[in-house]
Each structure stands twice: as C-alpha cells, then as structure tokens.
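Enquirer: let's see this in three dimensions:
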Amino acid sequence: MASRLPSASTRKNAQVTCQLCQRSSPLKWKCNDCDILMCDNCKTNVHARVKTATRHKIVEIKDIDFSELNEPSVDLDNIPCKTHSTQSCCVYCIQCKELICPKCLKTHKGHDVEEIETQYIQNLEYLRGNVSDNIDPNDLTSIFGSLNKLSMQTIITNPEKINLTKTNTFEVNLPFVQIIVTTSVNSVWITCMQTRTLQEMKIEQTLKSLREYNDKSIYAMAMSKTGDVLLTLAEYSHLYRLDETGMIDVVHDFSPLLPKAIHANGNGIIVSTREKGDAFPITKHSRRQIVVLAKKRIIEYDKQNKRLFSLIGGLTMNKTGHIFGIDCPSFVLRRIVKVDNNSIEWKFTY
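Expert: Numbers count the residues shown, from 1 in each chain. Here you go, the predicted structure:
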C-alpha cells in the first residue's frame, strides 16, 4: 500500500488482510478448521501444503461478518512512541515491524505502512489461532512484537565484521544439500531429504565418497564431541547415533513425541520435540519442547504455564550454556529466541 498517513475515518473502516503472508493481498477465503483468513496465493501455495488441508472446510469470505473483528476494545489511538515519548503512534511500519509516530515517518520514508487497527486485528487473531488462545488483547507488546530497533542495538553492541572468502567449490551427486556437518578428520556428512540419502565425503582436491546410507529421511544432524553423528529421522521418535564403524543405535526414545532439531557441544545435547501429526495449526494439546538430555531438563512452559515455542526448527547452545532457537510460529514467520531458564529472554522476528 502507499506510504501515507491514513485518516481517522479510514482507520475506523480497517479491513483485515491475509493472515498467512501478512500482505495487503485481497482476502478471498477462510479456513474454518484453522480459523485463518487467506488470499488466493496463500490458499494454493501455503495452506494446501498442510497434509490434512484436503479435509478442511474453506469458504468464501463474502458472507463473513467482520464487524466484531474491526472494533478492538483497547485504545489504539494513544500508544506512546518508543522513540519520541511525547508522541502517539499513528501507523505500523511493515518493513521494520514496529509502530511509529508522525515524527518517525521521516526515517521510514518510502516504507509500506499499515493502519494500526488493521495490524492489531491481524496479529491478535493470528496469535490466538497459532500460539495461544489466551493472548491478552491489551498486551500490545506481545501483539506488535517486543524486539524493536532500540532493543536490537542493545543486543548487538559490538558486532564483529565477518569476511567470507571462497576457497574451493565441490560438485556432489545430489539434487541439493539439505544439511552439512564437518568432522575432525577432514570429511563432511551431507544429506538430501528428496533422495533420502546420507553421505560421508572425504575432502581432497575433489570430494571422495567414503560411506553412503539410503532410505534415510534425515530431519536434522549434528556432530557429537566424541565424533559420532547424531540424527533425527522425519517420522521416528528416536535420537540415533552413527558411530565411526557404521553402526547405528538409539541414544534416546522421545515417544510419544518426535525429536526434530539437534545441537551438541561440550555442554551436552539439546533436542527440540513436538507431537506427531501436522505441525499446524497449534492447539492446546500441542507439545513443543526443548529437551536438555544431560540435565534431563524439559523447557516447554513459562511460569504462567503458557507455551514458550511454536515449532523449534533450529537449535544452538553457546559456551556459557545459553540456548538459542529458531522458532516458527507459522509456515511463513520465523523468530530467533534466547531461552533463559523457563522464559524467553529476547526474540527477533524476521
């Protein structure tokens, strides 16, 4: 949409936009099972990818009454600007994912903006449908996102300059490389889910195949401190270990849950888990965890018993034992979270 400040009368007639792509594409459909509103493109290319979507009831929106959605009970006209304390926010910047005031418009010149009321409705409905049905409509920090430019500047105080130089290029006999991990003996393990292949390749002037395993739909892979390869498979409840002799055994059984992302270092092994079946939509029965194996610790809910994660698709742990994850609230949204005890210390949505 055009980058202009909408009038008060325009805001009163805000129209909900697509809840999957979060763009101003014309709404045409509603999935009653997922309770989401979609544009044509997302109905075909996003929602249809859900395994059970063929059984969902999708209806045209022309008969849907939006009157209740468009009348939030909270005061959206007097939200103080985080940059200019004497100003109230007037629009939501789509590029920067933050509320801005009239003074901020100069620094957001050329950016697409959205009416606050429209963005509020869209975010609240999405969070209630995909994260928790107990989202407080007055919690504007959660609804509009808690990590803005100022908090990012606090987190990244002394960013290091990273210079990347390509030293060599190798051809592989796979359609694409999904995961790659290095060993301590100048070799790499690579996977491709499409061909269900796992290969160990020796790095010389060319890549030389050392071992290959077929019919292995690898979801995630990591190298343990002992040099063993840790694996999770797409639809299996076990964490597997592949040792140097080629033997595969079970490290841990997460039944009835499925292990997904893995990370291993000197502090131990951490794994994300979820229930079997489709990842979305998230319901009150969904289980989304981070498991610290060495300490037999499960991170799932905060002190108020609210779910911390949607779907952890990537994990890492630094030398001090702090856990970082890539959380996926939907098919199209991602956020980086830092986990401290049973809470999220900070998050960055992208």
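
Enquirer: centroid-wise, who is the farthest residue in the protein?
Expert: Within the chain, residue 205 marks the point farthest from the mean C-alpha position, 37.8 Å out by CA atoms, centre = their mean.

Enquirer: give me the distance between that residue and residue 169.
Expert: 12 Å (CB to CB, to the nearest Å). C-beta here means a position set from N, CA and C on the backbone, and glycine is covered the same way.

Enquirer: all helices of the stretch 1-150 of the chain, in order?
Expert: Secondary structure of the stretch 1-150 of the chain (DSSP state H, counting those that start in this stretch): helices at 8-12, 40-45, 116-130, 140-144, 149-155.

Enquirer: give me the residues contacting stretch 287-305.
Expert: Defining contact as CB atoms under 8 Å, 6 or more residues apart in numbering, one finds that stretch 287-305 is touched by 251-252, 254, 257, 259, 267-275, 282, 307-312, 315, 323, 325, 339, 342-344.

Enquirer: list only buried entries from those residues.
Expert: Among the contacts of stretch 287-305, the ones that count as buried by 16 or more other CB atoms under 10 Å are 251-252, 254, 257, 259, 267-275, 282, 307-312, 315, 323, 325, 339, 344.

Enquirer: so for the one helix or strand residue 188 maps to, mean pLDDT?
Expert: Assigned by DSSP states H and E, residue 188 belongs to strand 187-192. The pLDDT scores in strand 187-192 average 92.

Enquirer: domain parsing for this protein?
Expert: Under automatic domain parsing, the residue ranges defining each domain of the chain are 8-134+147-155, 219-349.

Enquirer: got these as CSV, with mean pLDDT and distance to residue 213 columns?
Expert: Rendered in CSV, the data for these read as follows (pLDDT from 0 to 100; distance: least, CB to CB, whole Å):
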stretch, mean pLDDT, distance to residue 213
domain 8-134+147-155, 72, 26
domain 219-349, 88, 8
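
Enquirer: for those domains, which one sits closest to residue 201?
Expert: domain 219-349 (13.0 Å; CB to CB).

Enquirer: does residue 323 really touch residue 315, like I thought?
Expert: Yes. Shown here, residue 323 and residue 315 form a contact pair, counting by CB atoms under 8 Å, at 7.0 Å.

Enquirer: find residues that contact each of these two.
Expert: Listed as contacting both residue 323 and residue 315 by CB under 8 Å, 6+ apart are 270, 290.

Enquirer: residues making contact with the strand holding residue 188?
Expert: Residues from elsewhere that reach strand 187-192 (CB under 8 Å, 6+ apart): 172, 174-183, 197-203, 207, 210, 216, 218, 221, 223, 229.

Enquirer: show only the entries of the residues you listed found in strands.
Expert: Among the contacts of strand 187-192, the members falling in strands are 179-182, 197-203, 207, 210, 218, 221, 223, 229 (criterion: DSSP state E).

Enquirer: among the residues you listed, name the buried ones.
Expert: Neighbour counting over the ones in strands among the contacts of strand 187-192 (16+ other CB under 10 Å) leaves 179, 181, 197, 198, 199, 200, 201, 207, 218, 221, 223, 229 as the buried ones.

Enquirer: show me what contacts the first one?
Expert: Spelled out, that is residue 179. Taking CB under 8 Å, 6+ apart as the test, what residue 179 contacts is 189, 190, 191, 218, 220, 221.

Enquirer: state the pair within these that is farthest apart.
Expert: Distances among the contacts of residue 179 were taken as CB to CB; the most separated pair is 190 and 220, at 13.4 Å.

Enquirer: would you agree residue 140 is in contact with residue 80?
Expert: No. In this structure, residue 140 is not within contact of residue 80 by CB under 8 Å, at 10.3 Å.

Enquirer: I'd like the buried ones among the ones in strands among the contacts of strand 187-192 laid out as JSON lines, including distance to residue 116.
Expert: Shown next, in JSON lines, are these (distance: CB to CB, whole Å):
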{"residue": "179", "distance to residue 116": "41"}
{"residue": "181", "distance to residue 116": "45"}
{"residue": "197", "distance to residue 116": "50"}
{"residue": "198", "distance to residue 116": "49"}
{"residue": "199", "distance to residue 116": "52"}
{"residue": "200", "distance to residue 116": "54"}
{"residue": "201", "distance to residue 116": "53"}
{"residue": "207", "distance to residue 116": "54"}
{"residue": "218", "distance to residue 116": "44"}
{"residue": "221", "distance to residue 116": "44"}
{"residue": "223", "distance to residue 116": "47"}
{"residue": "229", "distance to residue 116": "50"}
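
Enquirer: so which of these comes closest to residue 319?
Expert: residue 223 (16.4 Å).

Enquirer: so the closest one makes contact with residue 181?
Expert: Yes. With contact defined as CB under 8 Å, residue 223 and residue 181 form a contacting pair (4.9 Å).

Enquirer: any residues in contact with both of the two?
Expert: Taking CB under 8 Å, 6+ apart as the contact definition, residue 223 and residue 181 share the neighbouring residues 189, 229.

Enquirer: find the centremost residue of the chain, please.
Expert: In the chain, the residue lying closest to the centroid (CA atoms, centre = their mean) is residue 328, at 2.0 Å.
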